[in-house]
Structures are given as C-alpha cells and as structure tokens.
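In: Sequence and predicted structure are below.
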Amino acid sequence: MRTQVAIIGGGPAGLMLSHLLHLDGIDSIVVEKHPREHVLQRIRAGVLEAGSVQLLRDVGLGGRMDAEGHPHDGAYIVWKGEQKVLIDTAKYTGKQMMAYGQTAITEDLYAARDRDGGRIIDDAQSVALHDLTTDEPFVTFEKDRSVERIECDFVAGCDGFHGVSRRCIPSSTLVNYDKSYPFGWLGILSETRPLPDIVYANHERGFALASQRSERMSRYYIQCPLDNSVEEWPDDRFWEELKARFPADMADAIETGPSIEKSIAPLRSFVSEPMRYGRLFTAGDAAHIVPPTGAKGLNLAFSDVWYLSRGLIRRYKDNKDDLLDIYSETALRRVWGAERMSWYLTRLLHLFPDDNPFDQRTREDELDYVARSENAMAALAEQYVGLPYEM
Ligand code: RFL
Ligand code: PHB
C-alpha cells in the first residue's frame, strides 16, 4: 500500500488528523490496533474547550454535537461541604464549554471517514515503524495472518500513551517528564438524570466530580486509593461515598441507579519532548498525558493534530517545511500550559495521602481566595476554557 501520511492509532487524534488532511486533498491511512467496536465502547472524556467545539464545527462535524451536547457557561467548584463558585468562562472569556462525550465524537469521526472513503485498518497487530530518518519511511503490521506494508512520506504517531510510535524515538533524543499521583479516579456511568452543571468537589474525604453525557446519562467520579479494585466498590458504596463529598443540597439532588460502566483510572502527568523524529510526528496521548482534573487530554489531542495538519498541508501545497519544523515547539507550548493547569487543579482539589491538616487548610484558603478575587478567577477561567490556538 502507498499513502502520503500513515497515521498510527484510530483514536480522536488519528481520526481527526485523517479528516483534516482529507479536507485539503491529502491522502492518509489509519492503522488501529483494536477492532472498531472496542475503540467505540471506551468511555473517556466528556468536556470540550471552546477551541475544540469551534474546530468540530469548522470541519463539518458540529451537527450532532450542537444537537445533543450540553453547552455550559463553565464548571462549579464546591468545598468545605458548603462553599460554591462558578469558573465562569462565559463571563471572563466570552466563551462556553460543551459537555459532549468522546465516545460520540469518535463515532462522528468514524462516520465522516467512512462517508468520505477514508482507509482505516483496524485489528492491526505488531505495528512497526521503519526508516523514519529517511525520505522513504514505511509501516508494517499483521492483519489476518499476513504481513502488510504501507509506504508513505510521513508517519503520524497518534497511538496513545501505550503505543509504539514514541518508543521509536531513540532515548538519546527524547526528554521525558513524568509525575504520578498517589490515587486514581473511580468513574461510573449511569442512566440517571445528571446534575444540571459540571461540579468539582474538594472534600476532606477526597475529590469527587459530577459530570454528564446526555439528559439521561450521568458520569460521576470519586478519588480512590490506587490499589482499590472495582469489585470493592459496589454501586451502593459508590453512591454513598459520592454523596458524602458534595454539599447536602447537591447530594440530595443526585439521582442514583445501577451503574452501566465502572472503572478506575490512574492519574499521571507526562510529557515527551520533542514531538518529532525525522519523518515521525507524535500527537495527543502518544506524546503527553494530563490528569483528567482539567479536562484537557482530548482537547490537546485536537490542538496537536490541528497544528500538524497545518504543517503537512503547507508542505504539500507550498512545498515548504517551515510549519512542520516548528510543529513540536508550537504544540508543546499549549501542552505545557495544560500540563501546569491540570497539575494545579489536581493539587488544589485532591486529598494527598501524606497531607496534614495544614495542607487541607491552605487548599481551602486558596479556594476561598479564587472565589473572592476577580483576578484569580479570570486567570482560572481563561485556562479552563482553553488557551487559543496560535495561528
Ligand atoms: P487514544 O484515545 O488513546 O487513542 C489512541 C489509539 O491508538 C491505538 N493504539 C495503536 N494503534 C496501532 N498500533 C499500536 N501499537 C497502538 N497502540 C495503541 C489505541 O487502540 C487507540 O485507539 O489517544 P488520542 O487519540 O491521543 O486521544 C487522547 C484522549 O483519548 C485522552 O486524552 C482523553 O480521553 C483524556 N480525558 C479527557 N480529556 C478531555 O479533554 N476532557 C475530559 O473531560 C477528559 N476526561 C480523560 C477523561 C481520560 C480518562 N481516562 C480513562 C484516561 C476522563 C478519563 C477517566
Ligand atoms: C467527564 O465528563 O468525563 C469529565 C468531566 C470533567 C473532567 C474530567 C472528565 O475534568
């Protein structure tokens, strides 16, 4: 097989890149390790920054999001079991956020690629990248017990944190920044009416989050020890612990019911620099991970591939490499902004195992300050809604 850009990974980054390139007449093939049904049933992100909402609209993928998604003026933070403040993105930035699930976005992207005749190879095993520092890189993989080969001009590594692409960059070239957190998020999906708003809760029992997927689908998370398993958290125990971490009026408003998905995700901050090696460009979770507290991961995947698509389009249309040459540094500026913000919010809202009462008291003071200070809130709102793309 031959294509212009071989894209490793059929998650949001890979599919969006394939769609963006197609809109400018550039051919790509997406190589995905898992069957499509597996990719489509993963429950992940739920909150889109204003920039991601605009990008989806600009590329003709805003229809279902605008019909089914839930626009928000921002998200609430609650603490001390009673205090409450809105991170008012509408007031401070003039922009809204959107609650619209990654599962639905992935469905929309697959539908668009199928409609436009995009080539997506799923269930591809033993994916390997070759000759990345030459002008003739290629990708191999196994499918239905035969070995296939894709020749290409460029390779986009969009294969997530556990993918192969980043590992093809020699360790002498890479600098990795890594920080793990001593807790995870236990998340459930349930067919119940969600709270009207997205609410982050700091509580002396630990962090909790109320989110949503649709009018009849709620998504909730609680901070839990890393060594917990989902079997230790039957639904009744989950609901009881969740309610204990919210102020009484919100706890009373939480509708409970059977969970239809339950999982524990570890929290991690990770950046791998640079995001380029020869003809390989990494994007999304393949290059960096944020803890979900800032709701930034999917949004970064979109900004990365938007920058990368500009570089590739420039190369094919104008025969110039200038935008490709600055891809890594440009994408990383936005990545580090989101890394810092997600780390800050994680520290501010979670209980750490080695905390003493002083730590929690200063955390509560910081929340009081953010709620009182227009300047502090303006800075938080600007980052939560997402920094603008550099044009
Ligand atoms: P993905 O989604 O991991 O997709 C990578 C794809 O590559 C495939 N793959 C391979 N393919 C070929 N060969 C290989 N060797 C391969 N290895 C892997 C995988 O099967 C997969 O299909 O990465 P991508 O596209 O960069 O997208 C990133 C986002 O998925 C991620 O950042 C977000 O889900 C993070 N995230 C959130 N982001 C937000 O912006 N807002 C949120 O509200 C939000 N909430 C969350 C989150 C992530 C969470 N978890 C479970 C980690 C909430 C949670 C709980
Ligand atoms: C979600 O709805 O899954 C969600 C919302 C906000 C976050 C993270 C996840 O910060």
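Out: That came through, no problem. Remember, it's a predicted structure, so these values are computed and weren't measured experimentally. Numbering: from 1, shown residues only. Ligands and ions are numbered 1, 2, ... in the order given.
In: any idea of the pLDDT on the residue lying farthest from the centre of the chain?
Out: Here the chain reaches farthest from its C-alpha mean at Ser146, the gap being 33.6 Å by CA atoms, centre = their mean. pLDDT for Ser146: 96.
In: Look up how far Tyr344 lies from it.
Out: 49 Å (CB to CB, to the nearest Å). Glycine gets a C-beta too; all of them are placed from N, C-alpha and C.
In: who's the residue farthest from the centre of the chain bridged to?
Out: Ser146 forms beta bridges with Lys143, as assigned by DSSP bridges.
In: can you give me the end-to-end distance of stretch 17-28?
Out: End-to-end distance for stretch 17-28, by CA to CA, to the nearest Å: 9 Å.
In: tell me which residues in it are buried?
Out: For stretch 17-28, a neighbour-count test (16 or more other CB atoms under 10 Å) marks Leu17, Ser18, His19, Leu20, Leu21, His22, Ile26, Asp27, Ser28 as buried.
In: Arg347: neighbour count?
Out: 15 (other CB atoms under 10 Å).
In: What strand or helix carries it?
Out: helix 327-349 (DSSP states H and E).
In: how far does stretch 356-372 sit from the chain's center?
Out: 28 Å (CA atoms, centre = their mean, to the nearest Å).
In: Not counting it itself, show me its contacts.
Out: 77, 79-80, 83, 85, 202, 204, 347-348, 351-352, 376-377, 380 (CB atoms under 8 Å, 6 or more residues apart in numbering).
In: Check whether stretch 123-131 comes near ligand 1.
Out: Yes. Stretch 123-131 comes into contact with ligand 1 (CB under 6 Å from any ligand atom), by way of Ala124, Val127.
In: how about that stretch as CSV, C-alpha atoms only?
Out: Provided in CSV are the C-alpha atoms of stretch 123-131 (Å, rounded to 0.1, in the frame of the first residue of the first chain):
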residue,chain,number,x,y,z
ASP,A,123,-7.3,-5.0,14.3
ALA,A,124,-3.8,-4.5,13.0
GLN,A,125,-1.2,-6.4,15.0
SER,A,126,2.6,-6.0,15.5
VAL,A,127,2.6,-2.4,14.1
ALA,A,128,6.1,-1.3,13.4
LEU,A,129,7.6,1.9,12.0
HIS,A,130,10.7,1.8,9.8
ASP,A,131,13.3,4.1,8.2
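In: now that stretch: mean pLDDT?
Out: Here the average pLDDT along stretch 123-131 is 98.
In: gap between that stretch and the chain center?
Out: 24 Å.
In: and if you look at stretch 204-215?
Out: 17 Å.
In: For that stretch, give the mean pLDDT please.
Out: 95.
In: Please point out which parts of that stretch sit buried.
Out: Applying 16+ other CB under 10 Å to stretch 204-215 flags Gly206, Phe207, Ala208, Leu209, Ala210, Ser211, Gln212, Arg213, Ser214 as buried.
In: is it anywhere near ligand 2?
Out: Yes. Contact between stretch 204-215 and ligand 2, assessed by CB under 6 Å from any ligand atom, occurs at Leu209, Ser211.
In: distance between the ends of that stretch?
Out: End-to-end for stretch 204-215, by CA to CA: 30 Å.
In: can you give me the mean pLDDT across the helix holding Arg347?
Out: Per-residue scores along helix 327-349 average to 97.
In: Show me which residues of this structure sit near ligand 1.
Out: 8-14, 31-34, 39, 44-47, 102, 124, 127, 158-160, 162-164, 185, 187, 265, 284-285, 292, 295-299, 301.
In: what's the neighbour count on Ser309?
Out: Using other CB under 10 Å, Ser309 is surrounded by 26 other residues.
In: Who are the contact partners of it?
Out: Contacts of Ser309 (CB under 8 Å, 6+ apart): Leu17, Leu20, Leu21, Asp24.
In: What strand or helix carries it?
Out: Going by DSSP H and E, Ser309 is in helix 297-318.
In: for the very next helix or strand once past that helix, packing partners?
Out: Of the helices and strands lying after helix 297-318 in sequence (DSSP H and E), the nearest is helix 322-325. If you count contacts as 3 or more CB pairs under 8 Å, 6 or more residues apart in numbering; DSSP states H and E, helix 322-325 packs onto helix 297-318.
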